[in-house]
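A.B. asks: dropping the sequence and predicted coords here.
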Amino acid sequence: MKKIVLTISSISLLLIISITVNTLRFTSRQPQVAAIDGIEIDINRAVKTLSSAVQLATVSHQEMSHSQEQPFSSLIELISNRYPLVKQNLEKTVINQKSLLFKWPGTNTALKPITFLAHTDVVPVEESTLDQWQYPPFSGAVEEGFIWGRGTLDDKSTVFGVLEAIEQLIVLGFVPSRTVYLAFGHDEEIGGAQGAVHIAAYMEQHNISSLFTLDEGMAILNEELSPAGKTTAIIGIAEKGYVTFKLTARAESGHSSMPAHPSAIGILARAITTLEENQLPAKLAGTAEKTFDFIGPEMGLFEKILFANRWLFDEAIVSALLKKTSTAAVIRSTTAVTIIEGGFKENVIPSKASAIVNFRILPGQSSTDIKNHVIETINDPAITLDFMTNNTPNEPSTLSSTDNPAFLTIGKTAQQIFPGAIFAPGLVLAGTDSIHYQNVADNNYRFAPYVLGPNDLGRIHGINERIGIEDYRRMILFYAQLIINMDE
């Protein structure tokens, strides 16, 4: 008995020592960076220009025929008129009539260029919500310290923020050593097939290869939203894939007074329930693992112990992350039933019922993996499975590096402009134009430098979209400083 107690005590002691050593070694990855004031910004001009841009309803509709040409033409004209030095010093190429590629030539052609991505289109506004907007969605109202309207967050602030930065850098006499490209697609909200795809093809044809692209995707989380309880710049290093399947159940039809079992609707309902109750497995790996490598050391002691000893606490960490939809989506491919159809009359049993199920695919998995999961999980020959989204699933992106000077420079720049902030890599749950540039850049990063709190997440694609004037000012400062820092 004494030997057993001694053995248990020895194992416990070794375990405690191991946990302690791992925790002590789990040190901060944040460089010591001093805040700076940045360059002078004409914020009044910047606000007025963004407001004018928001007033142009450059809406992308799923049905291309519903989209209007004039707002896009007016936006291109606005850029030309408001940024005379950009017009004079940057080479502009119009691609597919509505997309833009600018080149700011650098003095050292041995340096790989960098490319800023953004898009000029916005999503439609649901008419039934118009009376819920504090200011009309295409008013560009400048009130209460904010610029209001569709596109202020997604994504005209990025387009005009980087243009403002470059215009002002030219005013100050700055000439880049490293060539800078600006690639503005016009249909990102419906997949980028006519915009970003063509810009990327043009760059590939002209042998333009960038050190990195920087697109929208992630942002700066305030203290309430960040898992670390600190202002945190999340720099997207990958994005999820996207695939949609149509599930169709078939069975005997007939009069509702003599129902046959199982019915098509019943078969479909069981299939949906089975899918929702048997989600794809979750794991703390890939991008999520890298996120907590950066954030974990900045958290409280308890969380720091957990993330420093994932070999022991991995199951507990995954279980905790699965309790919130926002964090669950980071550690597994998600299943979402979005449309259901079946039946046409109250007393007729239909012969067919169908459901549309959307999956967001974790990097490391593929649309084929998702299809196999659906088939094996449902395991019912009465259900047929068809690809939606024009039979062309979007596979997840590759992971961009966090172990290079470019990633570090993006993070350090965020710290310079947003005092007290930390930075970490992250996974973009939605899609961006970045996915189309993987062949023309060493790495693709996704980060728009504005601050989001819990009340702001619903504004993107939602009601009362807005950006704070001070946030927009710092956004412009970030882009200017990043160009300067990348030159160094």
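C.D. replies: Ah, there it is. Residues are numbered from 1 along each chain as shown.
A.B. asks: from here on, contacts and neighbour counts on C-alpha atoms
C.D. replies: Noted.
A.B. asks: for stretch 60-78, what does the pLDDT average out to?
C.D. replies: Regarding stretch 60-78, the rounded mean pLDDT is 86.
A.B. asks: switch to numbering from 753
C.D. replies: Fine by me, first position is 753 from now on; the one you just mentioned is stretch 812-830.
A.B. asks: would you mark the buried spots in that stretch?
C.D. replies: Buried residues in stretch 812-830, counted by 16 or more other C-alpha atoms under 10 Å: 812-813, 819, 823-824, 827-828, 830.
A.B. asks: out of these, which are inside strands?
C.D. replies: Among the buried residues of stretch 812-830, the subset assigned to strands under DSSP state E is empty.
A.B. asks: could I get those residues as TSV with distance to Phe926?
C.D. replies: Putting the buried residues of stretch 812-830 into TSV (distance: C-alpha to C-alpha, whole Å) gives the following:
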residue	distance to Phe926
Ser812	36
His813	40
Ser819	39
Pro823	32
Phe824	30
Leu827	26
Ile828	25
Leu830	24
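A.B. asks: which parts of the chain are helices?
C.D. replies: Taking DSSP state H as the criterion, the chain contains helices spanning 754-777, 795-806, 822-834, 836-841, 908-923, 948-957, 1016-1029, 1038-1047, 1053-1060, 1062-1073, 1077-1083, 1119-1130, 1157-1169, 1221-1239.
A.B. asks: so which of these is nearest Asp967?
C.D. replies: Of all those, helix 908-923 sits nearest to Asp967, with 8.5 Å by C-alpha to C-alpha.
A.B. asks: so how far is Gln886 from Gly892?
C.D. replies: For Gly892, the distance to Gln886 equals 12 Å [C-alpha to C-alpha, to the nearest Å].
A.B. asks: higher neighbour count, these two?
C.D. replies: Gly892 (26 against 13; other C-alpha atoms under 10 Å).
A.B. asks: which among the helices of the chain is found nearest to Gly969?
C.D. replies: Among those, helix 908-923 comes nearest to Gly969, with 11.0 Å by C-alpha to C-alpha.
A.B. asks: roughly how far does Val806 sit from Ile793?
C.D. replies: According to C-alpha to C-alpha, Val806 stands 20 Å off from Ile793.
A.B. asks: who has more neighbours, these two?
C.D. replies: Taking neighbours as other C-alpha under 10 Å, Val806 and Ile793 compare with Val806 leading, 25 against 18.
A.B. asks: touching, that one and Thr904? I think so.
C.D. replies: Yes - counting by C-alpha atoms under 8 Å, Val806 does reach Thr904; the two are 6.9 Å apart.
A.B. asks: least trustworthy helix or strand in the protein by mean pLDDT?
C.D. replies: Least confident helix or strand of the chain, by mean pLDDT, DSSP states H and E, is helix 754-777 with a mean of 83.
A.B. asks: next, the buried residues of that helix.
C.D. replies: By neighbour count with 16+ other C-alpha under 10 Å, helix 754-777 contains the buried residues 771, 774-775.
A.B. asks: and for stretch 922-935?
C.D. replies: Neighbour-count burial for stretch 922-935 flags 927-935 (criterion: 16+ other C-alpha under 10 Å).
A.B. asks: how close does Ser832 sit to Val874?
C.D. replies: 20 Å.
A.B. asks: who has more neighbours, these two?
C.D. replies: Between Ser832 and Val874, Val874 has the larger neighbour count (other C-alpha under 10 Å), namely 25 against 15.
A.B. asks: how about the nearest residue to the more buried one, chain neighbours excluded?
C.D. replies: The spatially closest residue to Val874, leaving aside those adjacent along the chain, is Val811, at 4.9 Å (C-alpha to C-alpha, 6 or more residues apart in numbering).
A.B. asks: doesn't Val875 make contact with that neighbour?
C.D. replies: Yes - between Val811 and Val875 there is a contact under C-alpha under 8 Å: 5.6 Å.
A.B. asks: before we move on, back to that, looking at the helices of the chain, which is nearest to Ala1182?
C.D. replies: Here helix 1077-1083 is closest among those (C-alpha to C-alpha), at 10.5 Å.
A.B. asks: and the average pLDDT for the closest one is what?
C.D. replies: Average pLDDT, helix 1077-1083: 93.
A.B. asks: ok, now stretch 970-990?
C.D. replies: With pLDDT averaged residue by residue, stretch 970-990 scores 96.
A.B. asks: turn the helices of the chain into a markdown table, columns for distance to Lys998.
C.D. replies: Below are the helices of the chain laid out as a markdown table (distance: least, C-alpha to C-alpha, whole Å):
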| stretch | distance to Lys998 |
| --- | --- |
| helix 754-777 | 47 |
| helix 795-806 | 37 |
| helix 822-834 | 35 |
| helix 836-841 | 48 |
| helix 908-923 | 34 |
| helix 948-957 | 27 |
| helix 1016-1029 | 11 |
| helix 1038-1047 | 29 |
| helix 1053-1060 | 39 |
| helix 1062-1073 | 29 |
| helix 1077-1083 | 22 |
| helix 1119-1130 | 11 |
| helix 1157-1169 | 39 |
| helix 1221-1239 | 41 |
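A.B. asks: wait, which of these is closest to Phe1111?
C.D. replies: Minimum separation from Phe1111 across the helices of the chain (C-alpha to C-alpha) falls at helix 1119-1130, 7.7 Å.
A.B. asks: buried ones in that closest one, by neighbour count?
C.D. replies: Judged by neighbour count using 16+ other C-alpha under 10 Å, the buried positions of helix 1119-1130 are 1119, 1122-1123, 1125-1126, 1129-1130.
A.B. asks: in TSV: those, plus distance to Ser880 and pLDDT.
C.D. replies: As requested, those are arranged in TSV below (distance: C-alpha to C-alpha, whole Å; pLDDT from 0 to 100):
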residue	distance to Ser880	pLDDT
Ser1119	35	95
Ile1122	35	97
Lys1123	36	96
His1125	38	97
Val1126	35	97
Thr1129	38	97
Ile1130	37	97
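A.B. asks: quick check, nearest of those residues to Glu1147?
C.D. replies: Top of the list for closeness to Glu1147, among the buried residues of helix 1119-1130 and by C-alpha to C-alpha, is Ser1119 at 6.5 Å.
A.B. asks: what comes up buried for stretch 1087-1097?
C.D. replies: Across stretch 1087-1097, burial judged by 16+ other C-alpha under 10 Å covers 1087, 1089, 1092, 1094.
A.B. asks: wait, the third one sits on Asn1110?
C.D. replies: No - judged on C-alpha under 8 Å, Ile1092 makes no contact with Asn1110 at a distance of 12.0 Å.
A.B. asks: quick one on the thing from earlier: narrow the buried residues of stretch 922-935 to those in strands?
C.D. replies: Filtering the buried residues of stretch 922-935 for strands - DSSP E - leaves 932-935.
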